[in-house]
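Undergrad: Build me a structure from this.
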Amino acid sequence: RIRGVSVQVTVCEKGRRLRRILPAAIYAAATFVAMSFAAALKADEGFAYPLFDGESLAGWTVENGCQASVGDGTLRLDGGDGWLRSHGALSDFDLHIEWKALKETEYDAGIYFRAGLEGSPFPKQGYQVNLKQGREGQIAGLEGATSQVPVHPAGEWNAFDLSVRGETVALSVNGRPAYRVGGLKREGGYVGIQVEVPLGGRFEFRNLLITDPTRRALFNGQDLSGWESVGGQADISWSVDDGVLTCRPGRGPWLRSAE
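TA: Residues are numbered from 1 along each chain as shown. Below you'll find the model as predicted:
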């Protein structure tokens, strides 16, 4: 449910054609919100949340003096060598991330996971899903972690879906499975984005969604599953309306989690 989105309607002089213009940033944000909420409702698969809010670098630490910015709902790598690090460390997770190289050839960046804090300008320990031209999706030093799925050329968006479970990592590229291999040694660390602008050029990222299988949504947006009322029947005061948990005026029971 999205509020505050305006649609501009333009009718040509002959009145035969109707064109609705929805800014790309608003469309991307709307799609991402819907995707995030839908994923969060799958309690048996974990809890999903945005790793990038589309408006700021909140939740990220800029390491080793590199430069990044936010504009039009995208995260941009602007300059320097270093990396962007998530505030929280993760062990097992699913990551959806969309990226676009702005350098026509010889572009280079990467997606870190289970990365450590040591090292300069890049983390010394951890794993990197390569975004280097010709090696997109490859994880160096991990046998079998090489993608044969083609990516879209520079200037066009690509989508990676990375799944990490224990010693196993799997990658899908633009919706097509690339590999599933074992051999991971590090048990946890940070998710990050490599910034290597002087040689690798600028990149843009959007729709970064993390699903943490160790967490789940407390409210599913549909009913009171996982909750119990105290002091009377729940429907005396409580209802779920359009995905919102609503309490009506007047005295009645309170809700507590079932666990």
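
Undergrad: what bits of the protein have low per-residue confidence?
TA: Counting by pLDDT under 70, the chain shows low-confidence ranges at 1-44.

Undergrad: which stretches of it form helices?
TA: With helices called from DSSP state H, the chain shows them at 24-40, 197-200.

Undergrad: Now stretch 173-189: buried residues?
TA: For stretch 173-189, the neighbour count (16 or more other C-beta atoms under 10 Å) marks Val173, Ala178, Tyr179, Val181, Leu184, Gly189 as buried. Placement of C-beta: from N, CA and C, glycine included.

Undergrad: Contacts for it, please.
TA: Stretch 173-189 is contacted from outside by 89-91, 112-116, 125-127, 136-137, 142-149, 151-152, 158-161, 164, 166-172, using C-beta atoms under 8 Å, 6 or more residues apart in numbering.

Undergrad: Ends of stretch 210-224, what's the gap?
TA: 25 Å (C-alpha to C-alpha, to the nearest Å).

Undergrad: Distance check, Asp241 against Thr61.
TA: Per C-beta to C-beta, to the nearest Å, Asp241 is found 39 Å from Thr61.

Undergrad: And these two? Which one has more around it.
TA: Thr61 (13 against 7; other C-beta atoms under 10 Å).

Undergrad: And the closest residue to the more buried one other than its chain neighbours, how close does it get to Ala154?
TA: In this structure, Thr61 finds its nearest non-sequential neighbour in Arg85, 4.6 Å apart by C-beta to C-beta, 6 or more residues apart in numbering. Arg85 sits 25 Å away from Ala154, taking C-beta to C-beta as the criterion.

Undergrad: Comparing the two, which residue is more hemmed in?
TA: Arg85 (22 against 16).

Undergrad: Who are the contact partners of the residue lying closest to Gly166 once chain neighbours are set aside?
TA: Leaving aside its sequence neighbours, Gly166 sits nearest to Asp92 (C-beta to C-beta, 6+ apart; 6.8 Å). Residues counted as contacts of Asp92 (C-beta under 8 Å, 6+ apart) are Val164, Arg165, Gly166, Asp212, Pro213, Thr214.

Undergrad: Likewise for Asp53?
TA: Per C-beta under 8 Å, 6+ apart, neighbours of Asp53: Gly59.

Undergrad: Okay, the residue nearest to Asp81 when sequence neighbours are not counted and Glu143: tell me how far apart.
TA: In space, and not counting its chain neighbours, Asp81 is closest to Pro121: 4.1 Å by C-beta to C-beta, 6+ apart. To Glu143, Pro121 is 27 Å away according to C-beta to C-beta.

Undergrad: Of these two, which one has the most company?
TA: Set Pro121 next to Glu143 and count neighbours by other C-beta under 10 Å: Pro121 wins out with 15 against 9.

Undergrad: rewinding a little: please report the distance of the residue nearest to Asp81 from Gly65.
TA: For Pro121 relative to Gly65 (C-beta to C-beta), the value is 8 Å.

Undergrad: Quick check: neighbours shared by those two?
TA: In contact with both Pro121 and Gly65: Gly80, Gly82, using C-beta under 8 Å, 6+ apart.

Undergrad: can you count the residues close to Leu131?
TA: Around Leu131 there are 25 residues (other C-beta under 10 Å).

Undergrad: what's the answer for the one 10 residues further on, then?
TA: The tally of other residues near Gly141 (other C-beta under 10 Å) stands at 10.

Undergrad: Check the one 4 residues further on too.
TA: Counted with other C-beta under 10 Å, the neighbours of Ala145 add up to 23.
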